[in-house]
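# I would like the atomic coordinates for the input below:
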Amino acid sequence: MAIVSPKPQTTRLRVTGILQEDNMQLILSDTPGWIEQTAYPLQQVMNLQVKIALEDADVLVWVADPHFGDPIPDRVAQMVRQSGIPTVLCYTKRDLKRAEKDPQKENSVNLPFEPVAVFHVSGTTHEGVNDLLTALKSMLPVHPPYFPEDYMSDRNMRFFLSEMIREQAMLLYGAEIPYHLFVAVETCKGVDESAPLAQIFATIYTGKESHVPILIGKGGKQLKELGTRSRKEMEQFLHQKVYLNLSVKLRKDWRSNSSFLQKSGLFQ
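I've put the predicted structure just below:
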């Protein structure tokens with residue numbers, strides 16, 4: 001349910017997905033990546049969500065790419081050790097490893113903990129996913145459900161629609177531009193009612209004046225392309241036709257403006 005892109009720090013917010021089964025509710029929480037040296041309030045709030053996730057988790061799933069042995073930040077290692085949470089190591093891209101003629105030796109991840117189990121999964125082919133889920137279910141504590149049985153997430157529809165636009169911006173624009181964007185869905189009509197046509201109006205805020213013409217493009221070409229890509233994603237998600245209207249506004253240095261971050265409702 002969280003957006004993905006090849007760029008680092010794509011995830012800004014803690015996103016919760018809820019798997020509902022008979023007498024079982026598995027709440028999966030995807031967090032932003034830890035930023036070792038924060039530069040502005042937005043990054044500080046992102047780190048705070050990592051800390052909060054560790055405080056209320058029953059199990060930690062450490063996701064690692066077996067082809068890259070990325071170092072684990074010291075602060076994260078310290079928090080994991082102090083939490084005492086049972087930790088599962090999950091290696092991704094199992095399908096790519098099998099496809100290689102001469103597979104690389106799996107890079108060892110220098111873990112600050114001893115995992116209770118190790119799994120190899122593929123998000124593309126879903127290999128190993130059921131085994132991982134079975135293990136996680138066995139580690140759940142007995143507790144009344146936290147959410148109603150028809151909930152898929154604790155995030156609302158506007159959040160997911162705004163994230164779809166931001167995901168396509170991450171893929172469409174290069175360099176630093178996506179990191180200066182904040183997407184706000186201003187109007188969202190016809191979605192909850194499952195009307196034949198959903199009408200969505202969204203504003204893309206950018207923190208730099210020089211980015212405005214790049215976002216729009218010559219004759220509005222880039223903004224139109226962003227709208228087309230985002231609309232197609234929304235239609236697949238909502239299973240209905242979508243009319244999407246995008247506009248661009250300048251909000252200088254919004255990432256460093258704590259007041260704007262609070263009023264925007266970005267982290268509610």
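# by mean pLDDT, which helix or strand of this structure comes out lowest?
helix 94-99 (a mean of 66; mean pLDDT, DSSP states H and E).
# what's in contact with the longest helix along the chain?
Criterion DSSP state H: the longest helix present in the chain is helix 221-238. Contacts to helix 221-238, defined as CB atoms under 8 Å, 6 or more residues apart in numbering, come from residues 160-161, 164-165, 167-169, 171-173, 191, 198, 200, 214-217, 241-246, 248. Bear in mind the C-beta positions are built from the backbone N, C-alpha and C, glycine included.
# and what of stretch 240-250?
Here stretch 240-250 has contacts from 165, 190-191, 194-206, 208-209, 212, 215-216, 223, 226-227, 230-231, 234-235, using CB under 8 Å, 6+ apart.
# weed out the non-buried ones from the residues you listed.
Neighbour counting with 16 or more other CB atoms under 10 Å marks 165, 190-191, 198, 200, 202-206, 208, 215-216, 223, 226-227, 230-231, 234 as buried within the contacts of stretch 240-250.
# so, low pLDDT: which residues of this structure?
68-71, 97-110, 265-268 (pLDDT under 70).
# so which of the contacts of stretch 240-250 belong to helices?
Among those, the members falling in helices are 165, 212, 215, 216, 223, 226, 227, 230, 231, 234, 235 (criterion: DSSP H).
# residue contacts, residue 261?
Contact partners of residue 261, counting by CB under 8 Å, 6+ apart, are 41, 42, 45, 254, 255, 267.
# any chance of a markdown table for those residues, columns secondary structure, distance to residue 6 and neighbour count?
Formatted as a markdown table, those follow (DSSP: H, G, I helix; E, B strand; the rest coil; distance: CB to CB, whole Å; neighbours: other CB atoms under 10 Å):
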| residue | secondary structure | distance to residue 6 | neighbour count |
| --- | --- | --- | --- |
| 41 | helix | 26 | 17 |
| 42 | helix | 21 | 22 |
| 45 | helix | 24 | 19 |
| 254 | helix | 24 | 22 |
| 255 | helix | 21 | 19 |
| 267 | coil | 25 | 14 |
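# quick one: which of the ones in helices among the contacts of stretch 240-250 is nearest residue 146?
residue 234 (28.1 Å; CB to CB).
# re earlier: could you dump the longest helix of the chain to CSV, C-alpha only?
Taking Å, rounded to 0.1, in the frame of the first residue of the first chain, the C-alpha atoms of helix 221-238 are listed here in CSV:
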residue,chain,number,x,y,z
LYS,A,221,3.5,19.1,-21.1
GLN,A,222,5.1,17.7,-17.9
LEU,A,223,2.2,18.5,-15.7
LYS,A,224,-0.1,16.8,-18.2
GLU,A,225,2.1,13.7,-18.3
LEU,A,226,2.1,13.6,-14.5
GLY,A,227,-1.7,13.9,-14.4
THR,A,228,-2.1,11.1,-17.0
ARG,A,229,0.1,8.7,-15.1
SER,A,230,-1.5,9.5,-11.8
ARG,A,231,-5.0,9.2,-13.2
LYS,A,232,-4.3,5.7,-14.5
GLU,A,233,-3.0,4.6,-11.1
MET,A,234,-6.1,6.0,-9.4
GLU,A,235,-8.5,4.3,-11.8
GLN,A,236,-6.8,0.9,-11.1
PHE,A,237,-7.0,1.6,-7.4
LEU,A,238,-10.6,2.9,-7.3
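# all helices of the protein, in order?
Using DSSP H, helices in the chain cover 41-56, 74-83, 94-99, 129-138, 157-172, 211-216, 221-238, 258-264.
# so how far is residue 142 from residue 20?
Going from residue 20 to residue 142 by CB to CB, to the nearest Å gives 16 Å.
# please apply the same query to residue 83.
With CB to CB as the criterion, residue 83 and residue 142 are 21 Å apart.
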